[in-house]
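A.B. asks: fold the following, please.
(chains A and B)
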Number of protein chains: 2
Amino acid sequence: MDQVNVGIVGLGNVGSGTLAILAENAGGIAEKLGCRLNVTAVCSRTVDTKEIPAALGPVKRTTDWREVVADPNVQIVAELVGGTTVAREIIDAAIAAGKSVVTANKELMALAGAEIWDRAIKSGINLAMEASVAGGIPIHAVLREGISGDRVVALQGILNGTSNYILTEIERHGSDLKTVLAEAQRLGYAEADPSADIDGYDARAKLALLAALAFGERIVPGDIHTEGIRRIHPIDFQYAHRLGHTIKLLCAARRTPEGFFLSVRPALIPQSTILASVQGAYNAIWVRGQYGQDTFYYGRGAGPNPTGVAVVSDLMRVAREIRSGSPDRVSPFAHAKLGENRPLPITQQRTGYYLRFRVHDRPGIIAELAGILAKLDISLDAVLQLPSDSKHNLPFVITLEPSLEQSVQEAVTKMAALDFMVEPPLALPMEKPL
Amino acid sequence: MDQVNVGIVGLGNVGSGTLAILAENAGGIAEKLGCRLNVTAVCSRTVDTKEIPAALGPVKRTTDWREVVADPNVQIVAELVGGTTVAREIIDAAIAAGKSVVTANKELMALAGAEIWDRAIKSGINLAMEASVAGGIPIHAVLREGISGDRVVALQGILNGTSNYILTEIERHGSDLKTVLAEAQRLGYAEADPSADIDGYDARAKLALLAALAFGERIVPGDIHTEGIRRIHPIDFQYAHRLGHTIKLLCAARRTPEGFFLSVRPALIPQSTILASVQGAYNAIWVRGQYGQDTFYYGRGAGPNPTGVAVVSDLMRVAREIRSGSPDRVSPFAHAKLGENRPLPITQQRTGYYLRFRVHDRPGIIAELAGILAKLDISLDAVLQLPSDSKHNLPFVITLEPSLEQSVQEAVTKMAALDFMVEPPLALPMEKPL
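C.D. replies: From the prediction side, this is the model:
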């Protein structure tokens, strides 16, 4: 066999990047793989408007994904349409037809990865999903092969490039979120409906998938405490800097003897950490292993070419297995433990806190706030007010010693009800680096 | 088959870390692998003094590696003795006996990896070498699988933990190299003969191996321009900081249309880069791909457990292939291109430069140095002298605009001969981040 035949379903950003790399880097791929990767068929609802690189030779074009799956020449189906409906049909049909599958689909794999892998293993085909989390970072290869001998105890990551880009712009230019978001939308960095990015849902799906693979436990998006970045204001970066910190939408997963703490939320992290230096649309993942200790991975979170590299690398791996007749026989999801370990409520976590207030100024405010904290047994660390030109609704910050999250939430609820509050206090955890 | 049998040759740091992980994480390994990894035999010259974890069950102990290779039960031989003599015999014998090999041997793989892989492929066995470069960082898995679809165009890395630890200590405490080295030796971080670490030879072997794999070209240690850190003085960090930089023993490999630039040498790198934040005994590798753009990998460079994770992960991968009957069929070294691309002399490279001088002070020194630079068509960027208590042999620094390395070397040679020089100028490249 001197080639393996691929069918590609979905010609958006990722699909077009994949085709471009398969065309331009065909020689390098064949050299590493020992055979050619041949694109036999492509499918898109708007396939007639798509440019297929001429170097790929004759390629069947169709608007019906069933034709790709049914094509007897196609050995690997790349599902690059995303979402959880049609994508699921495509993958199920490909598995039923005995074809291996490469997917870039984080939502589907986070929601139903374990079931899909079960079916794939029963059918003796291979499944690959490098592009599903942090497109440019080969974190699946790292977890599956590179550090498979280790026992992962914690993960921290920046998994959504759009929100990281927005936070970086707010930090750099002092513009407010609305302005930066509008500009990001104009440049095509953010969707018209930005909710998945700025409310944390995209990051949540990625963390669920990564954590399930890293810990070998059943972890789904709904298990993860999630907060977005809508309330982050330029003034928060000024205070964070004064505290030697910056603010990131942090994805965190930690194994404890009692269970897992899982969260996606904006957090203060020390400026001296490598994670703090992750700027713009980049993603990064910090992994702590019981034996290998800390490793860190950084790269583009998305984009046609970085994600295309992940898809092409998966195609190569699956093609190698097709040629040598060796499907993976063990699911990367932990079937044995499904449902065994449940995530702990985030309210049981202890961490330092940053509370930012806007108040109608009057005497006795700090005393009143400190009184609420004292009653809940929360130790106040510092009170901070930056100099400002305006005296109107002047913000100030209180930082807390590591405290039980439940108590902090109670305190914030009580504080929000005080008559001098302009808006509810903003509470951000101050994460220690792993 | 419910187990794969492993023989371990060499029970130093890496071997003992490997045994500990195989014993303590046996359950997790079996779950991911679908079978047990069983240690059948271990070999060490001092095997009687070694503690073998009881959880491993009965293990044959021998001082003769041939017994491990010849043991009919052993399916994978882990060569963890290092060096290029006995290690080569062990690997050759294992391949001849049809056994797969896991090795942590950077020198041997850098020198003879391509030949050894050829033999392994002919024998239909598998070879794995994750532990050979940057123990805790799964860079082999990344290059082999994670970003295999990409075309790597440049690498930058910190690949020797001992020298990075020494530089970090000089930077933090202002102690001189001699003092820091003595302390590192006392703590066991540096060898009694520190040359391999501080003169760059260890890093050179690792860069040769990484570059050969990343670029798919024949690159051996002798191809790489190498300078160590012996001349770095605390004052150089003070000047570097003033310039917004730090100093690292930088391993660099860059593909150009004319050939490869390869170097291991101390260099100034901007403090704002992620590479600059790599402290102490950590390693890091920055990879630029033509499609995937920049990715970055960070972790422990050495140590029994991090390197043990790499060995165990390799054992798992090889065991998986033994169970499913699928050896890798393509060498990660580019046989087709052996000898095709030769490295370019570093003298053809253009980069900014940091020149640090110690002189017997007298009028006209700057004029004389500037005159030498002007004659060689080198543009001076800045002259810098930090305030100091002492006026004796006061150091100062000249930075150069990007210049041809050959011209800079000529200038430094001429300057070294001037009668007011206390010692030859120290010339360090100022590397731009990738």
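
A.B. asks: buried ones in the worst-scoring helix or strand of chain A on mean pLDDT?
C.D. replies: None of the helices or strands of chain A scores lower by mean pLDDT, DSSP states H and E than helix A:26-33, at a mean of 91. Buried positions in helix A:26-33, judged by neighbour count with 16 or more other CB atoms under 10 Å in any protein chain shown: A:26, A:28, A:29, A:30, A:32, A:33. All C-beta spots, glycine's among them, are computed from the backbone N, C-alpha and C.

A.B. asks: just flag the most distant two among those.
C.D. replies: Using CB to CB, the two most remote members of the buried residues of helix A:26-33 are A:26 and A:32, lying 11.2 Å apart.

A.B. asks: number of residues surrounding the residue nearest to residue A:418 when sequence neighbours are not counted?
C.D. replies: Once flanking residues are discounted, residue A:418 sits nearest to residue A:368: 6.6 Å by CB to CB, 6 or more residues apart in numbering or on different chains. Neighbour count of residue A:368, defined by other CB atoms under 10 Å in any protein chain shown: 14.

A.B. asks: please identify the helix or strand for residue A:368.
C.D. replies: Using DSSP states H and E, residue A:368 maps to helix A:365-375.

A.B. asks: the stretch 151-300 of chain A: helices as residue ranges?
C.D. replies: Ranges of helices in the stretch 151-300 of chain A, per DSSP state H, counting those that start in this stretch, are A:161-173, A:177-186, A:195-198, A:201-215, A:234-242.

A.B. asks: most tightly surrounded among these?
C.D. replies: Highest mean neighbour count of these: helix A:201-215, a mean of 26 (counted as mean count of other CB atoms under 10 Å in any protein chain shown).

A.B. asks: just how off-centre is that helix within its chain?
C.D. replies: On the basis of CA atoms, centre = their mean, to the nearest Å, helix A:201-215 is displaced by 7 Å from the centre of the chain it belongs to.

A.B. asks: next, the angle from it to helix A:161-173.
C.D. replies: Here helix A:201-215 points in a direction 110 degrees away from that of helix A:161-173 (axes from the mean of the first three to the mean of the last three CA atoms, to 10 degrees).

A.B. asks: on that earlier part again, would you mind giving the helices of the stretch 151-300 of chain A as CSV with distance to residue B:52 added?
C.D. replies: Formatted as CSV, the helices of the stretch 151-300 of chain A follow (distance: least, CB to CB, whole Å):
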stretch, distance to residue B:52
helix A:161-173, 48
helix A:177-186, 58
helix A:195-198, 52
helix A:201-215, 29
helix A:234-242, 51
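
A.B. asks: for chain B, find the nearest of those helices.
C.D. replies: Evaluated over the helices of the stretch 151-300 of chain A, closeness to chain B peaks at helix A:201-215, with 10.2 Å, by CB to the nearest CB.

A.B. asks: send the alpha carbons of the closest one over as PDB?
C.D. replies: Only the C-alpha atoms of helix A:201-215 are listed here, as PDB (Å, rounded to 0.1, in the frame of the first residue of the first chain):
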ATOM      1  CA  TYR A 201     -18.400  27.700  28.000                       C
ATOM      2  CA  ASP A 202     -15.800  26.900  25.300                       C
ATOM      3  CA  ALA A 203     -13.000  26.700  27.900                       C
ATOM      4  CA  ARG A 204     -15.300  24.600  30.100                       C
ATOM      5  CA  ALA A 205     -15.800  21.900  27.400                       C
ATOM      6  CA  LYS A 206     -12.000  21.800  26.800                       C
ATOM      7  CA  LEU A 207     -11.200  21.500  30.500                       C
ATOM      8  CA  ALA A 208     -13.800  18.700  30.900                       C
ATOM      9  CA  LEU A 209     -12.200  16.800  28.000                       C
ATOM     10  CA  LEU A 210      -8.600  17.400  29.200                       C
ATOM     11  CA  ALA A 211      -9.400  16.500  32.800                       C
ATOM     12  CA  ALA A 212     -11.200  13.300  31.900                       C
ATOM     13  CA  LEU A 213      -8.200  12.200  29.900                       C
ATOM     14  CA  ALA A 214      -5.500  13.400  32.300                       C
ATOM     15  CA  PHE A 215      -7.200  11.900  35.400                       C
END
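
A.B. asks: surely residue A:262 meets residue A:253?
C.D. replies: Yes: assessed by CB atoms under 8 Å, residue A:262 is found in contact with residue A:253 at 5.1 Å.

A.B. asks: more neighbours, the two?
C.D. replies: residue A:253 (27 against 24).

A.B. asks: ok, that one - contacts?
C.D. replies: A:154, A:155, A:156, A:207, A:210, A:211, A:214, A:215, A:219, A:260, A:261, A:262 (CB atoms under 8 Å, 6 or more residues apart in numbering or on different chains).

A.B. asks: need those residues in TSV (columns: pLDDT and distance to chain B).
C.D. replies: Below are these laid out as TSV (pLDDT from 0 to 100; distance: CB to the nearest CB, whole Å):
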residue	pLDDT	distance to chain B
A:154	97	14
A:155	96	14
A:156	96	13
A:207	97	19
A:210	96	14
A:211	95	16
A:214	94	11
A:215	92	10
A:219	90	16
A:260	93	16
A:261	95	20
A:262	96	20
